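Chemist: generate a structure from the sequence data that follows.
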Amino acid sequence: MPAFTGQLRSNEIFSALYNFILSQQVFADNISGTNAQLVDKAKIDVGLAGDQKLFYATDVLKSAPWGNDAEASNLLALHRPPAPSCQAIIIDTFRQISLTVDQYLSKRAWGTIDAFSEFTTVMLGWIGETKRVYDSTTYNAYFGTAETSVGKQAHSIALSGITQTGEEKNRIEAQMIAEDIANLLVEMGDVSRDFNDYGYLRSYDPSKIMVVWNSKYLNKIKKVDVPTIFNKDGLVDKLDSEVLPARYFGTVNTASGTTASSNTTIRSLIEKDYGNKHLFPGDLLPNSTAYAAKETYTENANVICKVVVKLPAYMSAFEVGTSFFNAKSLTENHYLTFGHNSLEYFKAYPLITVKAA
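Modeler: Below is the predicted model of the structure:
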């Protein structure tokens, strides 16, 4: 049926009369799942005082030969540890969600007080839901595009050489991915300087490692290889795993540009208006649309997963709801103001991007 145009339908018997509107219902089940598991795990409530949180990382010490009595002459020698590295995460991003409602003129558009109240309740509820959408999409788009090539944190699995097709190809891909990641976990458990940006000596407990899968790969290989590798006793279920939709994985566009006449890959990294379209992170930009540097990313279908030990922090400074009544216009403005940090990964921990090559 077409959209309601405000016209009543003529009665089938008495054409001079018009059928009554049965009722008005406002859908309230709008945001049921936002893929917010990742940002929920990363959230840190830091309160109102201060604007930075400092994270220090230190490196291993060293041993030296011991010379028995000869060591007496070295008694007063100083052995300072290497200077620690310090990373500052700064709360410098502030947003506001605004909504205007009224209890007078707009009420006349509704057949009953209950229908009007339901509509108003749903719209007020959208304030909190909008923040949920902002938090989850902002974090997911950042996480899916954050990369580092220091050490062995840019990891590839050679899948292009598979000559088989169909189900057999999927099965072989699943086996190769499982074997490769299992080997990667063993390597991360050994002492090494390869898996952090500082080059500090580290080893990681497998129980602390999280794999964030690209849904495209996880769904494909699990549906084929549940009976073998990816079963309840297999690789996936032994890890702390999360799944993100494929659209969040990509490469940040560091230069400005314009989308193609039929854009299928350039997505927004931030919440922003492009023309007459309001986009959240992860949304496709409109066709033939200009974009600025570092505000978009190109979706990359070759990203299999991200392997991390500590999720990038999402620090919540404050979240304040306010409102005021405008006696002149008989309207009520509602605001939700909040702040968070600029997102960046921890340089002291792994951020491994696993890609198909």
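
Chemist: could you pull out the strands for the stretch 151-300 of the chain?
Modeler: 154-157, 210-214, 240-244, 250-252, 257-258, 266-268, 272-274, 277-279, 290-291, 296-299 (DSSP state E, counting those that start in this stretch).

Chemist: pipe these into CSV and attach distance to residue 315 per row.
Modeler: Heads up, the C-betas are built off the backbone N, CA and C, glycines and all. Listed next are the strands of the stretch 151-300 of the chain as CSV, based on distance: least, Cβ to Cβ, whole Å:
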stretch, distance to residue 315
strand 154-157, 27
strand 210-214, 19
strand 240-244, 20
strand 250-252, 22
strand 257-258, 32
strand 266-268, 23
strand 272-274, 22
strand 277-279, 24
strand 290-291, 28
strand 296-299, 23
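
Chemist: distance of the residue lying closest to residue 246 once chain neighbours are set aside relative to residue 27?
Modeler: Spatial nearest neighbour of residue 246, excluding adjacent residues (Cβ to Cβ, 6 or more residues apart in numbering): residue 216 at 4.0 Å. Going from residue 216 to residue 27 by Cβ to Cβ, to the nearest Å gives 30 Å.

Chemist: what about the two, which has more around it?
Modeler: residue 216 (16 against 7; other Cβ atoms under 10 Å).

Chemist: starting at the chain centroid, how far to the strand or helix carrying residue 144?
Modeler: Following DSSP states H and E, one finds residue 144 within helix 113-145. On the basis of Cα atoms, centre = their mean, to the nearest Å, helix 113-145 sits 16 Å off its chain's mean C-alpha point.

Chemist: and it, what's buried?
Modeler: 115-116, 118-120, 126, 130, 133-145 (16 or more other Cβ atoms under 10 Å).

Chemist: re the thing from before, relative to residue 93, how far out is the residue nearest to residue 246?
Modeler: 30 Å.

Chemist: with residue 42 instead?
Modeler: For residue 42 relative to residue 93 (Cβ to Cβ), the value is 15 Å.

Chemist: equivalent analysis for residue 132, please.
Modeler: Residue 132 is 17 Å from residue 93, by Cβ to Cβ.
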